[in-house]
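# Pasting the sequence and the predicted model now:
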Amino acid sequence: MVDRPKKPLALATTPGLPPQPQVNFTHDNSRVTASLPTGESIEVLLYGATVISWKNRFGIERLWLSDAAKLDGSKAVRGGIPLVFPVFGTAPDHAATSKLPQHGFARNSRWEFLGKSSSESTGPSDTSVKLDFGLSSATLDEQAKSLWPYTFSIIYSVTLTPENLSTSIVVTNDGEQPIEFQVLLHTYLRIDDISKIQVTGLEESEYIDKVDAASTKTQSGAITITGETDRVYTPAKGPSHPVVVSEDGEAVYSVVRDNLKDVVVWNPWQQKAESMGDFEPKDGYKKMICIEAGSVRGWTTLDPSDAFEGAQTISD
Ligand SMILES: O=P(O)(O)OC[C@H]1O[C@@H](O)[C@H](O)[C@@H](O)[C@@H]1O
């Protein structure tokens, strides 16, 4: 049993004004952090708008982050929640994205911090905070722009409440030609022991097995991980039906999607972890599972002036 933090739940008060929710917040040139009066916290790098930490009220980290992850903008972050956009993997046959690097440019771009908003309904025990980040064709670096010359803007919002973490993306086509894209919230969940994990909520769902010649299969029963796993599920049940990660029979995470039709389940296992220079410790694959909500089978078409919104909410 972990002790609750011994933090006083102090409220900022100004005579005549109702108490304000107290969110601790920092913002510098490279990252934004926020913590709630109840103790939960998040940390987001401007590089990739990558959420690199989500701690619960006991200070326990919920996301897996490699010890060798580059946090200096030299490489996409190995861990946390990298954002995959506008292509999942590589797409040599899709003219519009064929020149882009694996998983697109969003995770390798520097995002702007647009601001924070906090709210509470009944008191400090339900204070939440939302951090907004922006990337657009106006702020994208020249190299990415030359590979993907569309006019677009994205707002990515990271919302922390005492109960959960939500990340949502709104992509707007500001140009005059349709945009085709894929998007994925590549969440690395921290677990204790991969051999005790079961993933439910994807029963009877069709999936593409990327480690078996991209063959199409149907999931029977709960998913267990016993080797390299790289699957793109199209869940048989709707997005609000949670995908649940249980450890030793106890539910540890529940992921609910909004307008994101696919779920990737990924664990590199031993050999692939060995081959990744930024994956440390090498047996770290036992401590993580990626449950990635997205829209990656086929392409989402966005007509001029249209916007696409997709989100996930992870409860622990
Ligand atoms: O090494 P990267 O580019 O971060 O990708 C990690 C993994 O990301 C997953 O989403 C893909 O399904 C895998 O095929 C891929 O290996």
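Ah, there it is. Residues are numbered from 1 along each chain as shown.
# And T229, how far from V84?
Distance of T229 to V84, given as C-beta to C-beta, to the nearest Å: 18 Å. In this view, the C-beta of every residue, glycine as well, is placed from N, C-alpha and C.
# can you count the residues close to K282?
By other C-beta atoms under 10 Å, 12 other residues sit near K282.
# G175 too?
Using other C-beta under 10 Å, G175 has 15 neighbouring residues.
# Can you read off the backbone torsions of it?
When read as degrees, to the nearest 10, the backbone of G175 gives phi -100, psi -160.
# Check the contact between L260 and G294; I expect there is one.
Yes: using C-beta atoms under 8 Å, L260 makes contact with G294 at a distance of 5.4 Å.
# Give the intersection of the neighbour lists for the two.
Both L260 and G294 are contacted by 183, 185, 310, under the criterion C-beta atoms under 8 Å, 6 or more residues apart in numbering.
# what about the helices in the chain?
142-147, 269-275 (DSSP state H).
# Please, where are all the strands along the stretch 101-250 of the chain?
Counting by DSSP state E, counting those that start in this stretch, the stretch 101-250 of the chain has these strands, from start to end: 112-119, 128-136, 152-160, 164-173, 179-190, 197-200, 206-209, 215-218, 229-234, 243-247, 250-258.
# any weak-confidence spans in this structure?
1-21 (pLDDT under 70).
# near the ligand, which residues of it show up?
Proximity of the chain to the ligand is confined to 76, 89, 102-103, 186, 210, 230, 264, 266, 292 under the rule C-beta under 6 Å from any ligand atom.
# what about the closest residue to V255 other than its chain neighbours, how many neighbours?
Spatial nearest neighbour of V255, excluding adjacent residues (C-beta to C-beta, 6 or more residues apart in numbering): V243 at 4.7 Å. When counting by other C-beta under 10 Å, one arrives at 25 neighbours for V243.
# What distance do you get for V243 to V44?
23 Å.
# Run through the bridge partners of C290.
Residues in a beta bridge with C290, per DSSP bridges, are Y188, W266.
# Kindly report the same for T301.
With DSSP bridges as the rule, T301 is bridged to E180.
# what residues are up against it?
178-180.
# redo that, cut-off 10 Å
Residues in contact with T301 (C-beta atoms under 10 Å, 6 or more residues apart in numbering) are 173, 178-181, 308.
# returning to that earlier point: out of the helices of the chain, which is the most enclosed?
Mean neighbour count (mean count of other C-beta atoms under 10 Å) peaks for helix 269-275 among the helices of the chain, with a mean of 14.
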